[in-house]
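> coordinates only, sequence not included:
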Ligand SMILES: NC(=O)C1=CN([C@@H]2O[C@H](COP(=O)(O)OP(=O)(O)OC[C@H]3O[C@@H](n4cnc5c(N)ncnc54)[C@H](OP(=O)(O)O)[C@@H]3O)[C@@H](O)[C@H]2O)C=CC1
Ligand SMILES: CC(=O)[C@@H](O)[C@H](O)COP(=O)(O)O
Ligand SMILES: [Mn+2]
């Protein structure tokens, strides 16, 4: 078996760490080419000692200098690169077979797009790449012949439940609709009054998944599901009208595909990202993943309910932006990133997140452009607007 080389963008995060768990379980199959992060030196240093990548990348120059010193003292051969351009370098190098795209937020777009343009096998966790620039990203994948494999648990489930070789023709595949499951987050039973007082710590206590702080807040506001609706639209060429969201608090069914003949195909599993990560790494084969097997006899009832758009308006905002097209989703995403960071920093309340996004959308001159520079300019403008509205 030939060993495949992987670059992990966002190596120190929740998805990055889970990816390295799967890599460590299959040393005869995978080896790390590069590990990249923003500024977490100590964690990246430990990962470099364990996985011995050829390159380590940090965005922050001081952090990169410190890592370089630590690795030299430890006698490591890993070379440290710094800055955004290095992310693209380690994602497009000719030796690289696959890129795990697990940087959080729109910051992940440029290197992931570079990997797409270079025709790599992309394991896509960074849903924001598709939310900001889905049209041009999918175009780049088609042009280069890159292989795009969804890691996000719902989209990985949909990919597994769609026919093999699905080419985006829903009617030909007999598909009626995609059904995304949502846990409902930690505030599923909260009233609007209670939602006024929740803290960042409350929001980061997801009932089923252990994840980074930004996506945890998105799950709590249902913006995560909104981002995922847009992600599903681009990945599976599915219009908003054929994407449904159902709240399923147990997070056992990861999503479903409804077919014309009345069949519904679902993918089930323990809520552990190492399953979709292993699936994407090995596809079309399957490899073992270090996850707990699902036990039907102890899991209890699986339940379903409709999402409440009054208490969680972010989901409706995302559907509206998808229907509007052009740069609306990029503006929404940028406003959400600033609002979530402000909430995590204790500067705004939870209910201000959708309010700030709505305000940003109504103050932006939305267009139907899908040009990268235009999208990035809209992203920057929305960030500046929302930052100006948040108390220091
Ligand atoms: N966590 C999960 O279970 C799931 C996550 N996803 C998606 O995967 C992505 C990653 O999520 P998650 O792992 O939870 O996030 P984390 O916050 O846990 O990790 C984020 C990673 O990105 C790095 N990073 C942040 N900003 C930059 C930047 N500007 N340039 C380079 N690297 C950067 C961080 O580095 P540092 O540590 O140095 O700051 C860290 O390695 C998100 O898009 C999320 O929506 C999708 C499905 C499930
Ligand atoms: C693990 C994963 O894919 C997350 O995106 C997860 O889906 C979050 O859960 P909810 O957004 O459904 O609460
Ligand atoms: Mn998900």
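Received, thanks. None of the values given here were measured: they were computed from a predicted structure. Numbering: from 1, shown residues only. Ligands and ions are numbered 1, 2, ... in the order given.

> so what's the residue count around residue 228?
30 (other Cβ atoms under 10 Å). Where C-beta positions appear, they are placed from N, C-alpha and C, glycine not excepted.

> what's the helix or strand for it?
helix 223-236 (DSSP states H and E).

> do that helix and ligand 3 come into contact?
No: judged by Cβ under 5 Å from the ion, helix 223-236 makes no contact with ligand 3; its nearest approach is 5.5 Å.

> who does that helix touch, helix- and strand-wise?
Counting contacts by 3 or more Cβ pairs under 8 Å, 6 or more residues apart in numbering; DSSP states H and E, helix 223-236 packs against helix 128-144, strand 147-150, helix 153-161, strand 175-182, helix 213-221, strand 243-247, helix 314-324, helix 328-344.

> any idea of the angle that helix forms with helix 128-144?
Using axes from the mean of the first three to the mean of the last three Cα atoms, to 10 degrees, the inter-axis angle of helix 223-236 relative to helix 128-144 is 10 degrees.

> ok now helix 223-236, how far from the chain's centre?
Computed by Cα atoms, centre = their mean, to the nearest Å, the separation of helix 223-236 from the middle of its chain amounts to 10 Å.

> can you pull the buried residues of that helix?
For helix 223-236, the neighbour count (16 or more other Cβ atoms under 10 Å) marks 223-236 as buried.

> is ligand 1 within reach of that helix?
No: Helix 223-236 stays clear of ligand 1 (Cβ under 6 Å from any ligand atom), getting no nearer than 7.1 Å.

> what mean pLDDT does that helix have?
Mean pLDDT, helix 223-236: 99.

> so which residues of the chain form strands?
Remark: strands assigned in the chain by DSSP state E are 4-9, 30-37, 55-58, 79-82, 98-101, 121-124, 147-150, 175-182, 243-247, 253-259, 264-268.

> hmm, back to that, relative orientation of the helix holding residue 228 and helix 153-161 in degrees?
Interaxial angle, helix 223-236 versus helix 153-161 (the same axes, to 10 degrees): 30 degrees.

> how about the closest residue to ligand 1 within the chain: what's its closest non-neighbour residue?
Nearest to ligand 1 in the chain, going by Cβ to the nearest ligand atom, is residue 13, at a distance of 1.9 Å. Nearest residue to residue 13 in three dimensions, chain neighbours excluded: residue 212, at 5.3 Å (Cβ to Cβ, 6 or more residues apart in numbering).

> list the buried residues of stretch 197-208.
Applying 16+ other Cβ under 10 Å to stretch 197-208 flags 198, 200, 203, 204, 206, 208 as buried.

> and whichever residue of the chain sits closest to ligand 3, how many neighbours does it have?
Among the residues of the chain, residue 152 lies nearest to ligand 3; the distance is 4.3 Å by Cβ to the ion. Burial of residue 152 is recorded as 28 neighbouring residues (other Cβ under 10 Å).

> that one against residue 124, yeah?
Yes: at 7.3 Å, residue 152 counts as touching residue 124 under the criterion of Cβ atoms under 8 Å.

> quick one, what contacts residue 19?
By Cβ atoms under 8 Å, 6 or more residues apart in numbering, the contact set of residue 19 is 6, 8, 11, 100, 102, 123, 277, 281.

> please redo it, this time with the cut-off set to 10 Å
By Cβ atoms under 10 Å, 6 or more residues apart in numbering, the contact list for residue 19 reads 6, 8-11, 13, 30, 32, 35, 100, 102, 123, 125, 151, 273-274, 277-278, 280-281.

> what do residue 152 and residue 124 both touch?
Joint contacts of residue 152 and residue 124 (Cβ under 10 Å, 6+ apart) are 130, 231, 235, 280.

> what pairs with residue 57 across the strands?
On the basis of DSSP bridges, residue 57 is bridged to residue 36, residue 81.

> thinking again about what came up before, of the buried residues of helix 223-236, closest to residue 169?
Residue 169 has its nearest neighbour among the buried residues of helix 223-236 in residue 236, at 10.4 Å by Cβ to Cβ.

> so what's residue 300 up against?
250, 252.

> for it, give its distance to residue 72.
Distance, residue 300 to residue 72, using Cβ to Cβ, to the nearest Å: 53 Å.

> domain ranges for this structure, per the record?
Domain segmentation of the chain under automatic domain parsing yields 4-150, 152-271+292-313, 325-392.

> kindly check the end-to-end length of the last one for me.
Between the opening and closing residues of domain 325-392 we find a distance of 33 Å, counting by Cα to Cα, to the nearest Å.

> what about that domain, distance to the chain center?
Using Cα atoms, centre = their mean, the offset of domain 325-392 from its chain centre is 18 Å.
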